[in-house]
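In: Just to be clear, the model below is a prediction. Sequence and coordinates:
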Amino acid sequence: MGEVPEANLALDFYNTGPAIDVLESKMANLLGKEKALFVQKGMVGQNSALMEYAKRSGSDKIAIHPESLAYQELMGLNAIHLGKKGSAIEAADIAKLPTSIAAVCVELPTRRAGFKLPEWQTLQALKDFSVTHNIPIHFDGARLFESADYWQKSPAEVAALSDSVYVSLYKMLGAAAGGIIAGSEEFIESLKPWRSRFGGDMFTAFPYVLSALWGLEHYLPRISEFNPRAQSLSQLIAQNIGAEALPDPVQTCGFIVELQIDMVTLEQRALALAENERIWLFDRLYDAGEDKSRFEVQVGDALDHWSDTEVVAKLMQLLD
């Protein structure tokens, strides 16, 4: 963080300061939006956007992928499920949407579905639906930069299909934490009271901001390397462990691997590998049932010193 030129600027206090101004300006330009707002956590920003849309429309209904329940338990909103678990949205899902909703929220990519993306034409159709029925679209674009690379679009071209967009500052850009909500100047200004209500007023976000600015310079340009690397690695895993273990095709730098081993055993073996060889393969495991386990692979600079063959060999070592 000390290498970032903005490290010489004054500290920010409660979301106000020159370094935050620089970050917000850069992100707004990158996303082609009038204004951007820093939030220390994505849920703070996204819940703020959904509450503002609900307030403006007078409707308590939002269309959202069937994943989280925060909108219901915390905010008293009701959901119309858009899409199916294990899948990105499709044209048929748009056709089923009612017109009496406050907003449509789309996750790009759908993480729990193996980081799957909808077709570009599907997003264009959703935009047409939005314009026709005057229903705003919010992109949960935590990994929007990787998604844009897959579609061979700029981040601004993707964000243009939405009224507001969230982008994570840590999932690819490597910041300590935090995210950005971008949209029209009027809409972003209206989110500031909501950010405060959701606990988003931090004494200082200086480390988050500096690390995000570093990531913009060093990680963002490498996405065009990380996405193809994920494809090549996933193909080698499929050849050696089984094609059923992977979403197909891999579209971004993230994908899911399914192994023919129960979660408890896999966790024990992974910890033994960490203790004996000082190699940490993955953080979180998921029980896939029938003595199967799943975990995520997200390609980044941690794999710079590993070949695909070496990664697969370590995974196979856990199965032996």
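Out: Received it, and whenever you're ready, just let me know what you need. Predicted model only: the values in this text are computed from it and were never measured.
In: ok, and what's touching the longest helix along the chain?
Out: With secondary structure taken from DSSP state H, the chain has its longest helix at helix 223-241. Here helix 223-241 makes contact (CB atoms under 8 Å, 6 or more residues apart in numbering) with 145-146, 149-150, 172, 245-246, 248-255, 257, 259, 297, 299-300, 303, 308-309, 311-312, 315-316, 319. Every residue, glycine included, has its C-beta placed from N, CA and C.
In: Separate out the buried members of the residues you listed.
Out: Buried residues within these, counting neighbours by 16 or more other CB atoms under 10 Å: 145-146, 149-150, 172, 245-246, 250-255, 257, 259, 297, 299-300, 303, 311-312, 315.
In: and stretch 175-191, average pLDDT?
Out: Mean pLDDT, stretch 175-191: 97.
In: Need the residues that contact it.
Out: So stretch 175-191 is in contact with 23-24, 27-28, 31, 33-42, 45-46, 48-49, 52, 142, 159, 162-170, 205, 207-209, 211-212, 214-215, going by CB under 8 Å, 6+ apart.
In: Quick check: helices, which of those are part of them?
Out: Residues of these located in helices (DSSP H): 23-24, 27-28, 31, 42, 45-46, 48-49, 52, 159, 207-209, 211-212, 214-215.
In: Near residue 215, how many residues? Count them for me, please.
Out: Residue 215 has 18 neighbours, counted by other CB atoms under 10 Å.
In: pLDDT score assigned to it?
Out: At residue 215, pLDDT is 96.
In: dump the residue contacts of it.
Out: Taking CB under 8 Å, 6+ apart, we find residue 215 in contact with 169, 172-175.
In: Tell me the first helix or strand C-terminal of the longest helix of the chain.
Out: Sequence-wise, the next helix or strand downstream of helix 223-241 (DSSP states H and E) is strand 254-259.
In: now the angle from the following helix or strand past that following strand to strand 254-259?
Out: Downstream of strand 254-259, the next assigned helix or strand under DSSP H and E is helix 263-277. Here helix 263-277 points in a direction 100 degrees away from that of strand 254-259 (axes from the mean of the first three to the mean of the last three CA atoms, to 10 degrees).
In: And the contacts of helix 263-277?
Out: Contacts of helix 263-277 (CB under 8 Å, 6+ apart): 259, 279-282, 285-288, 293, 314, 317-318.
In: ok, the closest residue to residue 87 other than its chain neighbours to residue 93 distance?
Out: Nearest non-adjacent residue to residue 87, counting by CB to CB, 6 or more residues apart in numbering: residue 113, 5.6 Å away. Here the criterion is CB to CB, to the nearest Å. By it, residue 113 lies 13 Å from residue 93.
In: what does residue 239 give?
Out: According to CB to CB, residue 239 and residue 93 sit 33 Å apart.
In: returning to that earlier point: correct me if wrong: the residue nearest to residue 87 contacts residue 89.
Out: No: between residue 113 and residue 89 there is no contact under CB atoms under 8 Å: 10.1 Å.
In: more crowded one of those two?
Out: Per other CB under 10 Å, whichever of residue 113 and residue 89 has more neighbours is residue 89, with 26 against 19.
In: for the more buried one, what are its contacts?
Out: Residue 89 makes contact with 65, 82-83, 106, 110, 118, 122, 126 under the criterion CB under 8 Å, 6+ apart.
In: Flag the least confident of the residues you listed.
Out: residue 65 (80).
In: Nearest the geometric middle of this protein, what residue?
Out: Nearest to the mean C-alpha position of the chain, counting by CA atoms, centre = their mean, stands residue 142 at 2.3 Å.
In: Tell me which residues touch the nearest residue to that one once chain neighbours are set aside, please.
Out: In space, and not counting its chain neighbours, residue 142 is closest to residue 168: 4.1 Å by CB to CB, 6+ apart. Residues in contact with residue 168 (CB under 8 Å, 6+ apart) are 42, 142-143, 179.
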